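Asks: next comes the sequence, and after it the predicted model I'd like to discuss.
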Amino acid sequence: MLFEPVIGLEVHAQLKTKTKIFCNCPTTFGAPPNANTCPVCTGMPGVLPVLNRQAVTFAIKSALATDCTIARESRFDRKNYFYPDLPKGYQISQYAFPIAEHGHLVVEPEGADPKRIGITRIHMEEDAGKLIHDPGRGKSMVDLNRTGVPLVEIVSEPDMRSAEEAGAYLRKLHAILKYIDICDGNMEEGSFRCDANISLRPVGQEEFGTRTELKNLNSFKHVEKAIRHEIQRQTYILEEGKKVIQETRLWDPNKNVTRSMRGKEDAHDYRYFPDPDLVPLIVDETWIDAVKKEMPELPDARKQRFIADYSLSEYDAGILTGSRQLADYYEEAAANLKDKKQAANWIMGPVLGLVKSQGLAIETIPVSATELSELLLLVEAGKLNAGTAKTVFEEMIISDKAPLAIMKEKGLEQVSDQSELDSIVMSVIEANPKEHDAYKNGKTKLFSFFMGQIMKQTKGKADPKVVTSLLKQNL
Amino acid sequence: MQFHELTLFDARKLLDAKDISSVDLVTALLERIESCDGEIQAYITVDEKGALASARKADERLANGDSTPLLGIPVALKDLLCTKGLATTCASRMLEGFVPQYDATVVEKLKESGAVILGKTNLDEFAMGSSTENSGFHITRNPWSLDHVPGGSSGGSAAAVAARLCTASLGTDTGGSIRQPASHCGVVGIKPTYGRVSRFGLVSYASSLDQIGPITRDVRDTAIMLNALCGHDPRDTTSANVAVPDFTAALDEYETQGLKGMVAGIPKEFLSVKGLDSDVEKAFYHSVKQLESLGVEVKEISLPHTDYAVAAYYVIAPSEASSNLARFDGVRYGYRDTEAADLIGMYKKTKSKGFGDEVQRRIITGTYALSAGYYDAYYGQATKVRSLISQDFSRAFEGCDIIISPVAPTPAFKIGENVDDPLTMYLTDIFTLSTNMAGLPGISIPCGHGKTGLPIGFQMMANRFDEMALVRAAYGLEQTLALENCFPEM
């Protein structure tokens, strides 16, 4: 029997607010244990939560970016359970009435058609702290720095049918949240976390099979790997005629296996109920309109605009809109150029090469978009050719000088003067009679030999276009 | 003149006239506590040093011609209100020795107004009870009769005012916890509208019902205290951003306009309650006559869902409590059992030993009511009843300005009389808890004494944020009743 996987993802994204969701403590990562705490986030007696409006604004952005319907009134509930990293004994979350529902994303898995993935809901909640275990001393310590850091949980519909689709969805969501600048997307620090729900059903069957939930998926690669593994595990079980058990499973990235964490019968009864310390959250048109005005152009729209306005290929536009910073860099560099494609080639080539080799972000590389633009203007003006421009670019990486200054200093300005080049061309032809004969006898590949000789003599400064026409005339 | 006998208003006049100093007043009260509180046990903590230091500061300010409404006035606080640097126990072993790093908003406001904090008063543990017998430390005795309870849960605050162990005090009221002990101790207690006073720093019992209010010797003092306590607080999003009137203006309103034209409703369901004491009934109708003599139109009204109020309340309040008290887990502060071998064991033992029986009973009840499969039948249903009760009141207030009733079915009962019968104890809240369910203000003022000599209180309730009507009517009744022997001999 053939089985079809059914996959839904729950993403917890940490919002980039300066302060926590219900108090004024900073959200900075890496502070000494319990440095970022106060009576509110440590659950002291008598204190009360006050909702951070910036966190709501960010949640609204996430909803707008995923085409969700934003609730005019939503509510906070308490999710009750005991654990030492949860100081109040409950987590404040949105259960019955989330801030946004019914959205979607269109994803493009590699080599497959675009697919619409539904988003069930987005809700806001506070993060818990963490325990640091010290087995040597037999002690566990509690760090509450992360307690109360704002999160949105974005829950997808069970619309994905393969690990690749799940991966594509996750990457897209990740890119969007970074694009709208509400989440730093750092998976290692836990700013972007994913749980996956997976079940299998016989192809053609409507109803879902029994699902398992996978946790501890902290990189895109691991999400795909873990899902692939879980699909295989469930396939074996079903093929043997056995039943999948509903449970939560933990991915072990070292051994590449999943193992059972807790079964359905151990599931908590969270005793959700409306948090009486918080009034309902009212989001009116004015608020939504103000947020809409702050929204940047989303990646899909920007990509289409790049294709239409700059005549870029689908592929190039896709890469250049991969992050907001890269797209901004491109648009700034290309702004004054006639040849938008040239800027695209330069960025996808040497510039991204530089990003990779130096391990930097696009906004911090030593060649700014303005400087790149100055360089490419020199190329457009015929003052530099591809080769000399590359030389100038290399120098720009290590010096603070402007491209024009570097070009002059190194004497790289292109020689396009017909008569000057004519005499060089003639002298090179005369100096290489054997090759000239061979060329004339049909060995046209030698054309590049002559070109090379001329470039050698001019130190690369000769305008290749002029040289080509002169060589063609005289060979 | 004995300084401890002074009302807030009179003390204010004498302080401003420099006839007495705050140190005189505070010293007199500390001596009074020393000599009388051994019997009453109204206090859990007396902050002698702190009180004298603030009194000295107040005197300096007074000497400089400064005057704020509570400058130099000694007050006591229910030990459910957080005080920076001063132990806050909630009368629970769980919080023995716990010292908050922050003041409750009301404590800040009292201090800003110049008040001197004498100490923290006893209560039923975490405000769960109606007799102050559920304190984790000791019981408090009724100053009128030492073998009777002072009521609860703000029993310590009410007893302290009645016994003149402070000039005024603060209580909290979740289902009658200010009004019922005020009634049992023969003093004035008001529960303001939900949202009128910030709950920040009040250790939550049932967040949607809790409200802080003053307990004082008379209605004028209540108005002065309300002025200091009310107002929006950005730290409590459930506190209402509405204008706060000068409540003492309500006294002038009575002086100039009386109560003529006011309409008072008596809910017929309240007076048909089983077990209503005949002395209570007599005292109630005597006051009704006084109101009528002042030109108040008294009519019968109906609050049809009264029968379900107690049941619904004892689902909602424990449900919220079960979650509010989860934070007392032995991890960060308070009591921790150190014998347990693992985490779950530590939780179980800490909570079993740290909380008293009534607190555990309500946590278990609330946990059950919120559980999967029971939520709709209990919490969900109780929420619906709560809406119906609110609607009952809204409808009633279309035809009247205030609603009047007894505060409790009986005067104070004997210590130990109801301890083994929580249900009977719960039913004594019948007249008071509906106002909490509907978020309305309610006041209790003394209206007479029963055959045994124990005081009896009269309750008035008003529409949301209409405390002015309460203060005015209560002041009118107080003036007209002109009770003698207002305070117990001690």
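Replies: In hand now; what should we look at?

Asks: OK, contacts around the residue in the stretch 201-350 of chain B positioned nearest to chain A?
Replies: With C-beta to the nearest C-beta, the shortest gap between the stretch 201-350 of chain B and chain A falls at residue B:326, namely 2.4 Å. Just so you know, the C-beta spots here come from the backbone N, C-alpha and C atoms, and that holds for glycine as well. By C-beta atoms under 8 Å, 6 or more residues apart in numbering or on different chains, residue B:326 lies in contact with A:80, A:82, A:88, A:89, A:90.

Asks: isn't residue B:194 right up against residue B:435?
Replies: No - at 9.2 Å, residue B:194 does not count as touching residue B:435 under the criterion of C-beta atoms under 8 Å.

Asks: picking up where we left off before, my reading is that the residue of the stretch 201-350 of chain B closest to chain A lies in a strand. Confirm?
Replies: No - going by DSSP: H, G, I helix; E, B strand; the rest coil, the assignment for residue B:326 is helix, not a strand.

Asks: follow-up on the earlier one: so which of residue B:194 and residue B:435 has more stuff around it?
Replies: Set side by side, residue B:194 and residue B:435 show more neighbours around residue B:435, with 29 against 23, by other C-beta atoms under 10 Å in any protein chain shown.

Asks: helix, strand or coil for the more buried one?
Replies: Going by three-state DSSP: residue B:435 is helix.

Asks: surely it and residue B:443 touch.
Replies: No - under the criterion of C-beta under 8 Å, residue B:435 makes no contact with residue B:443, lying 9.9 Å away.

Asks: overlap in contacts, those two.
Replies: B:191, B:461.

Asks: how about the residues of the stretch 1-150 of chain B near chain A?
Replies: Residues of the stretch 1-150 of chain B lying close to chain A by C-beta under 8 Å from any C-beta of the partner chain are B:81, B:82, B:88, B:90, B:95, B:98, B:100, B:101, B:102, B:104.

Asks: am I right that the third one sits in a strand?
Replies: No - residue state for residue B:88 (three-state DSSP) corresponds to coil; a strand is not indicated.

Asks: hmm, it is touching residue B:120, no?
Replies: Yes - using C-beta under 8 Å, residue B:88 is in contact with residue B:120, at 6.8 Å.

Asks: where do the contact lists of those two overlap?
Replies: B:79, B:81.

Asks: and the residue of the stretch 51-200 of chain B closest to chain A?
Replies: For the stretch 51-200 of chain B, C-beta to the nearest C-beta, closest residue to chain A: residue B:82, 4.5 Å.

Asks: and that residue, how many neighbours?
Replies: Residue B:82, neighbours per other C-beta under 10 Å, totals 28.

Asks: just checking, it touches residue B:103?
Replies: Yes - the pair formed by residue B:82 and residue B:103 meets the contact definition of C-beta under 8 Å, at 6.4 Å.

Asks: mutual contacts of the two, please.
Replies: Jointly contacting residue B:82 and residue B:103 under the rule C-beta under 8 Å, 6+ apart are residue B:201.

Asks: identify the residues contacting the one helix or strand residue A:343 maps to?
Replies: Here residue A:343 is covered by helix A:340-346, with elements defined by DSSP states H and E. Helix A:340-346 is contacted from outside by A:309-312, A:316, A:320, A:330, A:333-334, A:337, A:372-373, A:376, A:379-380, using C-beta under 8 Å, 6+ apart.

Asks: by contact count, what packs against whatever helix or strand comes next after that helix?
Replies: The first helix or strand that comes after helix A:340-346 along the chain, using DSSP H and E, is helix A:352-358. Using 3 or more C-beta pairs under 8 Å, 6 or more residues apart in numbering or on different chains; DSSP states H and E, no helix or strand is in contact with helix A:352-358.

Asks: what is the mean pLDDT for helix A:352-358?
Replies: Averaged across helix A:352-358, the pLDDT comes to 82.

Asks: with just CA atoms, put that helix into CSV.
Replies: Provided in CSV are the C-alpha atoms of helix A:352-358 (Å, rounded to 0.1, in the frame of the first residue of the first chain):
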residue,chain,number,x,y,z
LEU,A,352,28.1,37.4,-2.4
GLY,A,353,31.5,35.7,-2.8
LEU,A,354,32.8,38.3,-0.4
VAL,A,355,29.9,37.8,2.0
LYS,A,356,30.7,34.1,2.0
SER,A,357,34.5,34.3,2.3
GLN,A,358,34.4,36.9,5.0
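
Asks: show me what counts as buried in it.
Replies: Residues of helix A:352-358 classed as buried: A:352, A:354, A:355 (neighbour count, 16 or more other C-beta atoms under 10 Å in any protein chain shown).

Asks: what's near enough to touch the second one?
Replies: Residue A:354 makes contact with A:360, A:365, A:366, A:367, A:397 under the criterion C-beta under 8 Å, 6+ apart.

Asks: tell me the contacts of the second one?
Replies: Okay, so that is residue A:365. Contacts of residue A:365 (C-beta under 8 Å, 6+ apart): A:351, A:354, A:355, A:358.

Asks: report pLDDT for it.
Replies: 84.

Asks: now it: phi and psi?
Replies: phi -70, psi 160 (degrees, to the nearest 10).

Asks: so for chain B, the centremost residue is which one?
Replies: residue B:178 (2.0 Å; C-alpha atoms, centre = their mean).

Asks: go on, chain A?
Replies: Central residue of chain A (C-alpha atoms, centre = their mean): residue A:175, 3.6 Å from the mean position.

Asks: same for the helix or strand of chain B with the lowest mean pLDDT, what does it pack against?
Replies: When each helix and strand of chain B is scored by mean pLDDT, DSSP states H and E, helix B:422-427 comes last, with a mean of 76. In terms of contacts (3+ C-beta pairs under 8 Å, 6+ apart), helix B:422-427 is packed against helix B:306-324.

Asks: the lengthiest helix in chain A - contacts with which helices or strands?
Replies: When chain A is parsed with DSSP state H, its longest helix is helix A:220-239. When contacts are defined as 3+ C-beta pairs under 8 Å, 6+ apart, helix A:220-239 packs onto strand A:3-14, helix A:163-179, strand A:192-202, strand A:212-217, strand A:247-252, strand A:257-263.

Asks: so how many other residues sit close to the residue in chain A positioned nearest to chain B?
Replies: Per C-beta to the nearest C-beta, residue A:89 is where chain A lies closest to chain B, at 2.4 Å. Neighbourhood size, residue A:89 [other C-beta under 10 Å]: 21.

Asks: residues of the stretch 151-300 of chain B that sit close to chain A?
Replies: Counting by C-beta under 8 Å from any C-beta, the residues of the stretch 151-300 of chain B near chain A are B:199-204, B:206-208, B:234-238.

Asks: which of the residues you listed count as buried?
Replies: Here, 16+ other C-beta under 10 Å leaves B:199-204, B:206-208, B:235-238 buried among these.

Asks: spell out which parts of the stretch 51-200 of chain A neighbour chain B.
Replies: By C-beta under 8 Å from any C-beta, the residues of the stretch 51-200 of chain A that approach chain B are A:51, A:78, A:80, A:82, A:84, A:87, A:88, A:89, A:90, A:142.

Asks: what about these, which are in strands?
Replies: A:78, A:80, A:90, A:142 (DSSP state E).

Asks: in the sheet, who's paired with the third one?
Replies: I take that to be residue A:90. residue A:80 (DSSP bridges).

Asks: chain center to stretch B:38-51: distance?
Replies: Relative to its chain's centre, stretch B:38-51 lies at 18 Å (C-alpha atoms, centre = their mean, to the nearest Å).
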